[in-house]
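Asks: I'd like to go over a predicted model; first the sequence, then the structure.
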Amino acid sequence: MYAPSFDYHRASSVAEAQKLLAANPGAKLLAGGHSLLPVLKLRLAAPSALIDLGRIAELKGVSAANGGVRIGAMTTHAEIATSPVLAKSCGIVAEAAAQIGDMAVRNRGTIGGSVAHADPAADLPTVLVAVGATMEIAGAGGATRTVAAADFFQGMMTTALGDGEILTAVWVPALGAGTGAAYAKFAHPASRYAVIGAAASLTVKNGACERAIIIVGGVTATPTALPSVAAALTGSNLSAEAIAAAAGKAAGDLTGDLMGDVFASSEYRRHVTGAYVARAVAAAAARAR
Amino acid sequence: MAVPVSLTVNGQSQQRDVDPRLLLVHFLRDVLGLTGTKVACDTSQCGACTVLVDGIAAKSCTCLTAQVDGASITTIEGLAAPGTLHPIQEAFWNKHGLQCGFCTPGMVLATHELLRQNPNPTVEQIRHGLEGNLCRCTGYQNIVRSVQEAAKTMNGGAR
Ligand SMILES: Cc1cc2nc3c(=O)[nH]c(=O)nc-3n(C[C@H](O)[C@H](O)[C@H](O)COP(=O)(O)OP(=O)(O)OC[C@H]3O[C@@H](n4cnc5c(N)ncnc54)[C@H](O)[C@@H]3O)c2cc1C
Ligand code: FES
Ligand code: FES
């Protein structure tokens, strides 16, 4: 399949990418291409030009920063999955990246492309909201701003990124002692995308759950908090019974429109979400203790 | 607008002006005539088009030629010196890891990636590692055996 014709530009810095964006109306940024190229091959989009971010060194790499970890937008899923810095400080991000697609997809797909694309069935958006990540964005004219992950994902394939803006990095906090987080995924058997993705972040003190954050994706258009589940966990001893009872409230929290397709209807997803929430919570509890 | 690209493919340097939308798989097959790399699904699901880009596996149906300008590409034709077989190819032969052979170039290069990341994989890890490569013929049993044998000969012991 051939994409519609486009011009190709390669940027060597964020500033150059911004200049190219301004000079080429109708252009799109190209990261790993593992969402964009399939879209172009299906002719669902026809940008005038692609601006390749692949050679911008400042957008790559994982490093400890400001009490957390800064992940450059062009860092691949494979690099995230194997990052020792992330494994130590915020392992759930590596855990989710390791479950994306397959080896070859993880070698080219990037965190920046994943969050900018904002596919409801993507894995990283769910965990980034659960851990309270911050998106670093460079605007036209050199201005930079940050957006909390919870405010970044605004709808199906819709984010807070404005025209001419480039996502430069994602910052995630170090989870700290007493906090554990885990991701449980129901992968589509063919595409490997998330039919349901559940992320739990729990803080435990003296055997009791002090704080619980439960976010699901795949089943919803954007990462969605499950407040009744979190409330039921808070103050509990996180026993198997307590987790099962709390996870049983997941379906009740899914009040809006749910995703559904020929493989998994929305009713089915609503029904099964609790099982994945229970798995994520149990794994997070074991890590928090 | 054509873009100039300069690549090393199987050790040979190649310079061409390409259409920006030219996929790497079509560059390899249609421009260079290296038809070992296959196109099957054309939607990044099946892995038949897997090649190594600077030693790392990628699906060449989901990669622009221009994106990998400057890189060194290895296709199935270049995995071993002409007239010889790479230990992974040898293992696929010995263990009957193929029937029609259409998925095989991609399977072999995906196996290369798997063993690069994990030289001694368990059966479970092999099945998981090759999830991005589909075979319509073998039922995968002999592919798993081939990978086990390749790991054994390359590293002295798969679990
Ligand atoms: C077979 C297959 C299976 C997959 N399975 C999964 C899965 O299980 N889970 C999952 O989460 N994902 C999955 N993916 C998607 C994969 O993770 C993609 O790599 C990712 O969604 C997009 O990243 P990319 O780097 O390829 O971005 P691209 O495709 O290059 O770009 C995607 C979009 O983001 C924009 N963009 C890219 N970078 C920036 C930036 N820095 N600033 C602003 N905008 C930007 C682009 O303009 C484009 O609109 C799969 C993909 C394939 C092909
Ligand atoms: S042809 Fe590239 S993955 Fe199927
Ligand atoms: S051997 Fe025929 S598709 Fe795998």
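Replies: Sure thing, it's come through. Ligands and ions are numbered 1, 2, ... in the order given.
Asks: who's in contact with residue 113?
Replies: Let's take chain A. A:Ala31, A:Gly32, A:Gly33, A:His34, A:Ser35, A:Leu36, A:Ala73 (Cβ atoms under 8 Å, 6 or more residues apart in numbering or on different chains). In short, each C-beta sits where N, CA and C put it, glycine included.
Asks: hmm, I had chain B in mind actually
Replies: A:Met103, A:Ala104, A:Asn107, B:Thr50, B:Leu52, B:Ile56, B:Ala57, B:Gly129.
Asks: any idea which helix or strand carries it?
Replies: For B:Glu113, the host element (DSSP states H and E) is helix B:104-117.
Asks: Quick check: buried residues in stretch B:115-130?
Replies: Residues of stretch B:115-130 classed as buried: B:Leu115, B:Gln117, B:Pro121, B:Gln125, B:Ile126, B:Gly129, B:Leu130 (neighbour count, 16 or more other Cβ atoms under 10 Å in any protein chain shown).
Asks: Please name the nearest non-neighbouring residue to the first one.
Replies: Translated: B:Leu115. Distances taken as Cβ to Cβ, 6 or more residues apart in numbering or on different chains place B:Ala151 nearest to B:Leu115, at 5.8 Å, with adjacent residues excluded.
Asks: Then the one you found would be within a strand, right?
Replies: No. Assessed with DSSP: H, G, I helix; E, B strand; the rest coil, B:Ala151 is helix; it does not lie in a strand.
Asks: if you look at stretch B:16-28, does any of it touch chain A?
Replies: Yes. Counting by Cβ under 8 Å from any Cβ of the partner chain, contacts between stretch B:16-28 and chain A involve B:Asp19, B:Pro20, B:Arg21, B:Leu23.
Asks: and those, which are buried?
Replies: Taking 16+ other Cβ under 10 Å as the criterion, what is buried in these is B:Asp19, B:Pro20, B:Arg21, B:Leu23.
Asks: Adding pLDDT and secondary structure, write those out as CSV.
Replies: Output for these, formatted as CSV (pLDDT from 0 to 100; DSSP: H, G, I helix; E, B strand; the rest coil):
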residue, pLDDT, secondary structure
B:Asp19, 98, coil
B:Pro20, 98, coil
B:Arg21, 98, coil
B:Leu23, 98, strand
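Asks: Please identify which of those is nearest to A:Arg270.
Replies: Proximity of these to A:Arg270 (Cβ to Cβ) peaks at B:Leu23, which lies at 39.3 Å.
Asks: just checking: which of the contacts of B:Glu113 also lie near ligand 2?
Replies: Near ligand 2, judged by Cβ under 6 Å from any ligand atom, there are no entries from the contacts of B:Glu113.
Asks: Nearest to A:Val172 among those?
Replies: A:Asn107 (21.7 Å).
Asks: leaving aside the residues next to it on the chain, what's closest to the most centrally placed residue in chain B?
Replies: Closest residue to the average C-alpha location of chain B: B:Leu109 at 3.0 Å, with Cα atoms, centre = their mean. Nearest non-adjacent residue to B:Leu109, counting by Cβ to Cβ, 6+ apart: B:Thr50, 4.5 Å away.
Asks: Pairing partners for the one you found in the sheet, please.
Replies: As for beta bridges, B:Thr50 partners with B:Lys59 under DSSP bridges.
Asks: again, but for A:Arg145
Replies: A:Ile137.
Asks: Surely it touches A:Phe152?
Replies: No. With contacts counted by Cβ atoms under 8 Å, A:Arg145 stays clear of A:Phe152, the gap being 11.2 Å.
Asks: quick one, which of these two is more surrounded?
Replies: The residue with more neighbours, out of A:Arg145 and A:Phe152, is A:Phe152; 25 against 12, by other Cβ atoms under 10 Å in any protein chain shown.
Asks: Would you mind confirming that the more buried one makes contact with A:Val115?
Replies: Yes. If you go by Cβ under 8 Å, A:Phe152 and A:Val115 touch, sitting 7.0 Å apart.
Asks: joint contacts of these two?
Replies: Residues within reach of A:Phe152 and of A:Val115 at once, by Cβ under 8 Å, 6+ apart, are A:Met135, A:Thr159.
Asks: roughly how far apart are whichever residue of chain A sits closest to chain B and ligand 2?
Replies: Scanning chain A for proximity to chain B using Cβ to the nearest Cβ identifies A:Asp102 as nearest, at 2.6 Å. Going from A:Asp102 to ligand 2 by Cβ to the nearest ligand atom, to the nearest Å gives 9 Å.
Asks: Nearest spatial neighbour of that residue, chain-adjacent residues omitted?
Replies: B:Gly132 (2.6 Å).
Asks: can you check A:Gly132 too?
Replies: A:Gly132's closest residue in space is A:Pro173 (Cβ to Cβ, 6+ apart), at 6.0 Å.
Asks: Can you report how many residues neighbour the one you found?
Replies: Residues within reach of A:Pro173, counting by other Cβ under 10 Å, total 16.
Asks: Report the beta-bridge partners for it.
Replies: A:Gly68.
Asks: for it, what are its contacts?
Replies: Applying Cβ under 8 Å, 6+ apart to A:Pro173 gives the contacts A:Gly67, A:Gly68, A:Cys90, A:Val131, A:Gly132, A:Ala133.
Asks: my read: the last one touches A:Leu167, true?
Replies: What that stands for is A:Ala133. No. If you go by Cβ under 8 Å, A:Ala133 and A:Leu167 don't touch, sitting 11.7 Å apart.
Asks: Please report how far the residue nearest to B:Leu115 lies from ligand 1.
Replies: 25 Å.
Asks: Check the spacing between that residue and B:His112 real quick.
Replies: 11 Å (Cβ to Cβ, to the nearest Å).
Asks: Same check on B:Gln141?
Replies: Distance, B:Gln141 to B:His112, by Cβ to Cβ: 20 Å.
Asks: between these two, who's got more neighbours?
Replies: Legend: neighbour count by other Cβ under 10 Å for B:Gln141 and B:His112, higher for B:His112 (23 against 11).
Asks: Identify the residue spatially nearest to that one, adjacent ones excluded.
Replies: The nearest residue in space to B:His112 (Cβ to Cβ, 6+ apart) is B:Ile88, at 6.0 Å.
Asks: contact partners of the strand or helix carrying the one you found?
Replies: If you go by DSSP H and E, B:Ile88 is part of helix B:87-94. By Cβ under 8 Å, 6+ apart, the list of residues contacting helix B:87-94 from outside reads B:79-80, B:85, B:97-98, B:104, B:107-108, B:111-112, B:115, B:143, B:146-147, B:149-150, B:153-154.
Asks: Tell me how many other residues crowd the residue in the stretch 151-289 of chain A that ligand 1 sits nearest to.
Replies: Nearest residue of the stretch 151-289 of chain A to ligand 1: A:Leu167, at 3.6 Å (Cβ to the nearest ligand atom). Neighbours of A:Leu167 under the rule other Cβ under 10 Å: 27.
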